[in-house]
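**Q** Here is a sequence together with a model predicted from it:
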Amino acid sequence: MKILLTGANGQLGRALQMALKHHHVVALAHDQIDITQLDQVLAAVQYHRPCLTTNATAFNDVDGAESRCDEAFGSTLWGHEIWRLPRPHTGSHCSKGLTAFIVALQENDA
């Protein structure tokens with residue numbers, strides 16, 4: 001299955017890539033896609049045409065969140081809302097709860 005993953009260089013993104021190694025994972029990092037930009041998200045989905053999309057991005061600078069409110073709000077809330085938009089023209093489905101599923105897989109492998 002072809003899976004489009006954003007947040008590829010983060011802790012969760014790297015764990016997902018390992019857990020999904022038997023699939024064709026298109027892993028995009030922050031310098032390749034800004035998930036707060038709807039046009040970039042739609043272009044990536046249209047270009048790669050994945051069966052499944054999943055977003056592992058997060059703003060994790062807790063102390064910096066106060067001084068960088070727009071960036072923290074954008075990546076944590078707005079970016080995730082964009083990612084959840086339906087994409088019927090691509091046939092791609094957005095994952096919901098994939099992270100919990102991956103955690104369960106890793107626990108079973110231990």
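**A** Noted; the coordinates are in hand.
**Q** those helices in this protein, which residues are they?
**A** Per DSSP state H, the chain carries helices over the ranges 11-19, 38-48, 69-73, 79-83, 98-109.
**Q** which secondary structure elements does the first one contact?
**A** Spelled out, it's helix 11-19. Using 3 or more CB pairs under 8 Å, 6 or more residues apart in numbering; DSSP states H and E, the elements in contact with helix 11-19 are strand 2-6, strand 24-28, helix 98-109. (Each C-beta comes from the backbone N, C-alpha and C, glycine too.)
**Q** and the second one, which strands flank it?
**A** By that I understand strand 24-28. Counting by DSSP bridges, the strands paired with strand 24-28 are strand 2-6 (parallel).
**Q** so for the partner strand, what's the average pLDDT?
**A** Mean per-residue pLDDT for strand 2-6: 90.
**Q** Show me what counts as buried in it.
**A** For strand 2-6, the neighbour count (16 or more other CB atoms under 10 Å) marks 3, 4, 5, 6 as buried.
**Q** Keeping just the C-alphas, turn stretch 4-24 into PDB.
**A** What follows is stretch 4-24, C-alpha atoms only, in PDB (Å, rounded to 0.1, in the frame of the first residue of the first chain):
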ATOM      1  CA  LEU A   4       2.000   9.500   2.300                       C
ATOM      2  CA  LEU A   5       3.500  10.400   5.700                       C
ATOM      3  CA  THR A   6       4.300  14.000   6.800                       C
ATOM      4  CA  GLY A   7       6.500  14.800   9.700                       C
ATOM      5  CA  ALA A   8       9.000  12.100   8.500                       C
ATOM      6  CA  ASN A   9      12.000  13.400  10.500                       C
ATOM      7  CA  GLY A  10      10.300  13.600  13.800                       C
ATOM      8  CA  GLN A  11      10.200  10.900  16.500                       C
ATOM      9  CA  LEU A  12       6.800   9.700  15.500                       C
ATOM     10  CA  GLY A  13       7.500  10.000  11.800                       C
ATOM     11  CA  ARG A  14      10.600   7.800  12.100                       C
ATOM     12  CA  ALA A  15       8.800   5.200  14.200                       C
ATOM     13  CA  LEU A  16       6.000   5.100  11.700                       C
ATOM     14  CA  GLN A  17       8.500   4.600   8.800                       C
ATOM     15  CA  MET A  18      10.000   1.600  10.700                       C
ATOM     16  CA  ALA A  19       6.600   0.100  11.500                       C
ATOM     17  CA  LEU A  20       5.400   0.500   8.000                       C
ATOM     18  CA  LYS A  21       8.500  -0.700   6.300                       C
ATOM     19  CA  HIS A  22       6.600  -3.400   4.300                       C
ATOM     20  CA  HIS A  23       4.600  -0.700   2.600                       C
ATOM     21  CA  HIS A  24       5.600   2.000   0.000                       C
END
